[in-house]
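> got a predicted structure here, sequence first:
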Amino acid sequence: MAERKEKVKTTEEEEEEEEEEEGVLLYYKYANVTDLNDLLNFYNSNCESLGLRGRVRLAPHGVNVTVGGNLSSLEQHIHAVKLKNSLFEGTDFKLASCNFQSNQQILKECGFTSLSIRVVKELVTFSSRPLLKSPVISNAGRHLSAVEFNTVLQSAGDSLANNGSTQKNKIILLDARNVYETRIGRFQTSKVETLDPKIRQYSDLCTWIDSHSEQLCGSNVLMYCTGGIRCEMASAYIRSKGAGYENTFQLFGGIQRYLEQFPDGGFFKGKNFVFDHRISVGSSNTDILGSCLLCGSPFDDYSSRCRCTYCRMLVLVCNGCQEKNGPKYVCELCQEHGKKDGSVPVEKSCRHQTEISMAEMSGTVELESVDYRDQATLSPQLPLGQGPKPSRKLRILCLHGFRQNASNFKGRTASLAKKLKNIVELVFIDAPHELPFIYRPRPTEKDEDSIRFKLDSSPLPLGACRKKFAWLVAQDYTGSSGSNWEMADEPFDPLQYQQQTDGFDVSLSYLKSVFSQMGPFDGVLGFSQGAAMVASLCREQGISNGEIDFKFAILCSGFALNLPQLEPGSVGCPSLHIFGNSQGKDRQIECHASAELASLFKQSCAVIITHESGHIIPTQPPYIESIKAFLRQFI
């Protein structure tokens, strides 16, 4: 009898555990992480043991975490994080109770069906282009508590500076969020001007700040975002502009903390868009700020996940209009740039494969953000030089070749970037494998057998040298040797790329984090070894669960990797292949190797351009016109 009571008690306890309240935890911390691997192991162990799911991003300069689970588990996680080390001292842990019984598609899209822990270069990608002077977090705008922020808006002119002097400059509210977020909720007061940058993604904010710097200069700028992390970097960037920009402030804890202090909404009207399954969080004020894209009726529900047909940004479309108009919509930004309602032109198959040589051509012719991308199709090709002005530039991720880096590859493609500047934005990154510095002694004279050369014993190269990287490495690769120089043990081997077969998994994992943190990208461009990686990315698109997503690929002077599922005609991604022909002067990658790479793609989706130059991307006519023609299909 006693044994039966014990069993009943256990069942009741299990039922209580099943009914335990669930919640979402958000926090970030900018700090110097001295042992990134140790922190990675901690999060893997702790989050797995507590059954948490969501996104954890770790970088040398801090952490950015959004996870969900049982409230008790989340509280245990906070306790463990605080005990970890002094790194998290002063961290603002935002914990909210909620019900996870939601649309499974939304849970999956927001990353709450699994646990994703990644090491990244940036917690949030502030700019997709290299900056002359990167913002320093220590120079970020002073935090204003929710009460201070509210008081400033209420008084609209009181002192803001630490020194207590009266600031007579006007006050400006700056919303650091994406346009679809601002459409359902924002700060509003008749006393203060609110600037809405109307950006699709956070990495566009840097460009907006640069183009509106005169409007910001000399003003008291009050920035705000969802939870605070986006304001850290953006406010630091504004203040880095120098005199006239020092009075830049940010709302501590973001809109979320403000609504906790002012449950009636205060100066915030509408709902706060959040990047988890809750979608949005409102105040006790039930006024609807958003409106249906089509009929204009009050509407602020993104749960249907309607998106712009062209740029894939979320749009507000009421239930009635969804039933009447179907799934094709055009967001306000695309409409402003000439896009119209209606179906997007779709071609049943990609362009026929075309081989273009010089002889034949002479005389002719974008945690607190989420990415929304679809596999795009090609529209009919427009005649060169015709068609509407692009609504936005195509963002192309560029992968350099072996023993290069983002900087020198950017330099080598400067001519290409210049000639495509009206339609393309190139984004450059370093590969993950750092290579040792090597030098090859110069031959001075032949020895007695007239075959070998005596080597010059000159000193090592002088001056500062940039680090070199690779996507693939040889099997005996042991990692970088730092600043030490090594003498090459043999002359240049034109077939060395055939021995560089290791390191693929590391590079693939790294590129997935790049797409997550720096995306979205319309296309990818690879040169030499980078082209080999691009081909593998084309294969990964169909099996990566959306982690890697783009519309097209450009492969220059590349070669094929020996990977499963990479068989002739097996890749259906629209692609442009550029390499030297049999009469070319490419000493690094032979013509047949690049042709073999092109053969992996379906003929109906491949465009081939051959040239008689060396290991380069040709930009002179007629090649550049052919490259533009390929790109215009995706605008």
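Received it, and whenever you're ready, just let me know what you need.
> what's the spacing between N325 and T309?
Counting by Cβ to Cβ, to the nearest Å, the gap from N325 to T309 is 11 Å. Glycine gets a C-beta too; all of them are placed from N, C-alpha and C.
> more neighbours, the two?
With neighbours defined as other Cβ atoms under 10 Å, N325 and T309 compare such that T309 has more, 18 against 15.
> where's that one relative to G296, distance?
Distance of T309 to G296, given as Cβ to Cβ: 19 Å.
> and the residue lying closest to C573 once chain neighbours are set aside, how far is that from I554?
Take C573 and drop its neighbours on the chain: the residue closest to it by Cβ to Cβ, 6 or more residues apart in numbering is C538, 4.1 Å away. Counting by Cβ to Cβ, the gap from C538 to I554 is 11 Å.
> regarding L397, what is its secondary structure?
Here L397 is strand, with the state taken from DSSP: H, G, I helix; E, B strand; the rest coil.
> check L293 too.
With three-state DSSP as the basis, L293 sits in coil.
> please renumber the chain so that the first residue is 291 from this point on.
Taking 291 as the first residue, the last one we looked at is L583.
> my guess is it contacts L606. True?
Yes - shown here, L583 and L606 form a contact pair, counting by Cβ atoms under 8 Å, at 5.5 Å.
> ok, the closest residue to N429 other than its chain neighbours - contacts?
Leaving aside its sequence neighbours, N429 sits nearest to A526 (Cβ to Cβ, 6+ apart; 4.8 Å). Counting by Cβ atoms under 8 Å, 6 or more residues apart in numbering, A526 touches P425, V426, I427, S428, N429, A430, G431.
> okay, those in CSV with neighbour count and secondary structure next?
Shown next, in CSV, are those (neighbours: other Cβ atoms under 10 Å; DSSP: H, G, I helix; E, B strand; the rest coil):
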residue, neighbour count, secondary structure
P425, 21, coil
V426, 12, coil
I427, 14, helix
S428, 7, helix
N429, 14, helix
A430, 23, coil
G431, 23, coil
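> among those residues, which has the minimum pLDDT value?
Within the set of the contacts of A526, pLDDT is lowest for P425 (81).
> does that residue really touch K531, like I thought?
No - with contact defined as Cβ under 8 Å, P425 and K531 do not form a contacting pair (10.0 Å).
> so N334 makes contact with I407?
Yes - using Cβ under 8 Å, N334 makes contact with I407 at a distance of 5.9 Å.
> right, and F794 touches R829 too?
No - F794 lies out of contact with R829 (Cβ under 8 Å); the separation is 11.6 Å.
> the helices in the stretch 491-640 of the chain, which residues?
Along the stretch 491-640 of the chain, the stretches classed as helices by DSSP state H, counting those that start in this stretch are 495-501, 503-506, 519-529, 544-551, 609-615, 622-626.
> what sits up against the last one?
In other words, helix 622-626. With Cβ under 8 Å, 6+ apart as the contact definition, helix 622-626 has outside contacts at V469, K488, R490, L583, C598, Y600, C601, M603, S681.
> and of the residues you listed, the nearest to S697?
The closest of the contacts of helix 622-626 to S697 turns out to be R490 (Cβ to Cβ; 27.4 Å).
> can you classify that closest one by secondary structure?
R490, by the three-state scheme (three-state DSSP), is coil.
> neighbours of T497, how many?
T497: 15 surrounding residues under other Cβ under 10 Å.
> picking up where we left off before, and N334 and I407? which has more neighbours close in?
Each of N334 and I407 has its neighbours counted (other Cβ under 10 Å); I407 has more, 17 against 13.
> quick check, that one in a strand?
Yes - using three-state DSSP, the assignment for I407 is a strand.
> that one against V346, yeah?
Yes - judged on Cβ under 8 Å, I407 makes contact with V346 at a distance of 4.3 Å.
> domain-wise, how is this protein divided?
312-409, 427-579, 684-723+791-923 (the TED database).
> let's have those in JSON lines, adding distance to A764.
As requested, these are arranged in JSON lines below (distance: least, Cβ to Cβ, whole Å):
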{"stretch": "domain 312-409", "distance to A764": "24"}
{"stretch": "domain 427-579", "distance to A764": "35"}
{"stretch": "domain 684-723+791-923", "distance to A764": "7"}
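> F759 is nearest to which of the ones you listed?
domain 684-723+791-923 (3.9 Å).
> mind checking how far L689 is from V571?
For L689, the distance to V571 - Cβ to Cβ - is 39 Å.
> out of the helices of the stretch 491-640 of the chain, the one nearest E902 is which?
Closest to E902 of the helices of the stretch 491-640 of the chain, according to Cβ to Cβ: helix 495-501, at 38.8 Å.
> model confidence at the nearest residue to V571 once chain neighbours are set aside, what's the number?
Once flanking residues are discounted, V571 sits nearest to N562: 4.9 Å by Cβ to Cβ, 6+ apart. pLDDT for N562: 91.
> buried residues, the helix or strand encompassing F718. List them.
Applying DSSP states H and E as the criterion places F718 in strand 714-719. The neighbour-count check on strand 714-719 (16 or more other Cβ atoms under 10 Å) flags V714, E715, L716, V717, F718, I719 as buried.
> and stretch 528-546, by the same measure?
Within stretch 528-546, the residues that count as buried by 16+ other Cβ under 10 Å are 528-531, 535, 537-546.
> for the residue nearest to F558 when sequence neighbours are not counted, grab phi and psi.
In space, F558 comes closest to F477 once its chain neighbours are excluded; the distance is 5.3 Å by Cβ to Cβ, 6+ apart. Per-residue torsions, F477: phi -80, psi 140 (degrees, to the nearest 10).
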